[in-house]
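S.K.: Need coordinates for the below:
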Amino acid sequence: MNRQMVLVGFLQAQNCTNLPSSWRHPDSRDDSMSADYYQEIARILEAGKFHMAFFDDRLAMPDRYGNDHAHTVEYGIRCVKMDPLIVLTTMGMVTERLGLGATCSTTYYEPFDVARRFATLDLMSGGRAGWNVVTSLNDGEALNMGRDSHPEHDSRYDRADEFMEVVLGHWDTWEDGALIMDKQSGRFADPTKVKRLDHKGPAFKSRGPFTVPRSSQGHPVIIQAGASGRGQRFAGRWGEVIFTAARNLASAKEGYAAVRNEAAKAGRDPDQMFLCNLTTPVCAASKAEAEDKMALINKLPLEIDALSLLAEALNYDFASKNLDEPLTTEDLKSMQGILGIRDGVLKNSGKSNPSARDFVTFSGRGQVHDAMVGGPKEIADKLEEMFVERGCDGFVIAATYVPGSYADFVEHVVPELQRRGLFQKDYRGKTLRENLGLKRPAAGAWKVQPRDAAE
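M.R.: A predicted model of the protein is given here:
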């Protein structure tokens, strides 16, 4: 079968999408704290044959700008953050094939807890769960979770590596065929096929035995979005669906090759992973109609949206400087969180000491400057180019208003992609792995031997 795109719907369990101004759109539903809101999105995505609905998440509202939450609440800048796993459960109840992915932090949770939550969702959804592994971003999250400050960037990934070993180790402890459920003999399961983990490492101790049997897809799909060098190594070692955020084809191809190379160096098959680039389409039946939609969307963002999200993502208070004052080298080095944002601003601005205004201009945070605007042909042409030229294996579709953005894409763009043979007309199977084309993992399959260099 010809190579086809993976499509993921990018969601937030909050008052807005990843675009904080989306709640201000006149056509956005204003009941984002209801189950029906998310269930409508789920039905739209499944009708469009999307592989997965995915929830980003943070453990704090954005409050690093000025070290105050007042602006966040006043302007609705992602100030509501519900538990995405529970929201996903409501979406799973009204769908049968749509994958269900959510974010959970390796910095502020325990491995057994995360392993149990996602393994349970996997069973309850018939093998459709995916876990987006993050190390969290900022001090606000640390303070909410009982810590004084957020750990240093690379040390978080060192901890995350061990976290993954514990989670996957627990998921491996129930063998296929362990369940007997023979009422006459009274035997429920074979104890020789259920083991204890007994993990003791630098960061974690976890005994077991694990309490959730393996699902029909083996275990949840591992999602990752590391953008820094250390993040790419982590993604290459563990990720099966990798989220990227390249702003053009050249940088997309560079990142695509880098992550696949890291996977090969880790001893993995790079073809058993899918890199999906974040994309914000503004589409309609015609290019002119889409441009009218974009004109309205462009009126929604506020400067405070971008400054707040930048402070959150980089764990740096941009209110500590005048808007046009160059940041010092020490300021830049002190940033944590999504360092790919900082590095992208340095590269795209051409400045070694950009200002806060440069970060607003060149980061794209809180804005829609990189939106794909057009009718079915224009949007499909751009997606096809990046896909065929190996800038990615698919796309994470972000919404500018809800649920209309998803409905527009499904109505106008999906049929054109299907007509070109670039996207599936139906699901391949019942589990997320089947629909992605990922092999069902055998117990211990993740314990591959690293190679010194990619082949």
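
S.K.: The stretch 151-300 of the chain: strands as residue ranges?
M.R.: Here the stretch 151-300 of the chain has its strands, by DSSP state E, counting those that start in this stretch, at 179-182, 187-189, 199-200, 205-206, 221-224, 241-244, 274-279, 281-283.

S.K.: and what of the stretch 301-450 of the chain?
M.R.: For the stretch 301-450 of the chain, strands defined by DSSP E, counting those that start in this stretch occupy the ranges 372-374, 394-397.

S.K.: Can I get the last one in PDB, CA atoms only?
M.R.: What follows is the C-alpha trace of strand 394-397 in PDB, where atoms were taken according to Å, rounded to 0.1, in the frame of the first residue of the first chain:
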ATOM      1  CA  GLY A 394       1.500  13.400   8.800                       C
ATOM      2  CA  PHE A 395       0.000  16.400  10.600                       C
ATOM      3  CA  VAL A 396      -1.300  17.600  13.900                       C
ATOM      4  CA  ILE A 397      -4.300  19.700  13.000                       C
END
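
S.K.: Partner strands of it and their direction?
M.R.: Sheet pairing here is set by DSSP bridges, and for strand 394-397 it gives strand 6-12 (parallel), strand 274-279 (parallel).

S.K.: Of all those, which one comes closest to His25?
M.R.: The minimum distance between His25 and the strands paired with strand 394-397 falls on strand 6-12, with 14.5 Å, by CB to CB. From N, CA and C alone the C-beta is placed, and that goes for glycine too.

S.K.: Tell me which residues are up against the closest one.
M.R.: Strand 6-12 is contacted from outside by 17-18, 38, 41, 45, 48-57, 78, 81, 84, 99, 101, 241, 243, 274, 276, 278, 393-399, 406, 414, 423, 436, using CB atoms under 8 Å, 6 or more residues apart in numbering.

S.K.: got JSON lines for the strands of the stretch 301-450 of the chain, with mean neighbour count and mean pLDDT too?
M.R.: Putting the strands of the stretch 301-450 of the chain into JSON lines (neighbours: other CB atoms under 10 Å; pLDDT from 0 to 100) gives the following:
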{"stretch": "strand 372-374", "mean neighbour count": "21", "mean pLDDT": "97"}
{"stretch": "strand 394-397", "mean neighbour count": "25", "mean pLDDT": "98"}
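
S.K.: ok, and the closest non-adjacent residue to Pro354?
M.R.: Val345 (5.6 Å; CB to CB, 6 or more residues apart in numbering).

S.K.: can you pull the pLDDT of the one you found?
M.R.: pLDDT for Val345: 94.

S.K.: ok, now how distant is it from Ala398?
M.R.: In this view, Val345 and Ala398 are 20 Å apart by CB to CB, to the nearest Å.

S.K.: Run through the helices of the stretch 101-250 of the chain in chain order.
M.R.: For the stretch 101-250 of the chain, helices defined by DSSP state H, counting those that start in this stretch occupy the ranges 111-124, 139-144, 153-172, 229-238, 249-265.

S.K.: who does the last one touch, helix- and strand-wise?
M.R.: If contacts are counted by 3 or more CB pairs under 8 Å, 6 or more residues apart in numbering; DSSP states H and E, helix 249-265 sits against helix 229-238, strand 241-244, strand 274-279, helix 376-388.

S.K.: Quick check: which of the ones you listed is nearest to Thr211?
M.R.: Closest among these, using CB to CB: helix 229-238, at 23.0 Å.
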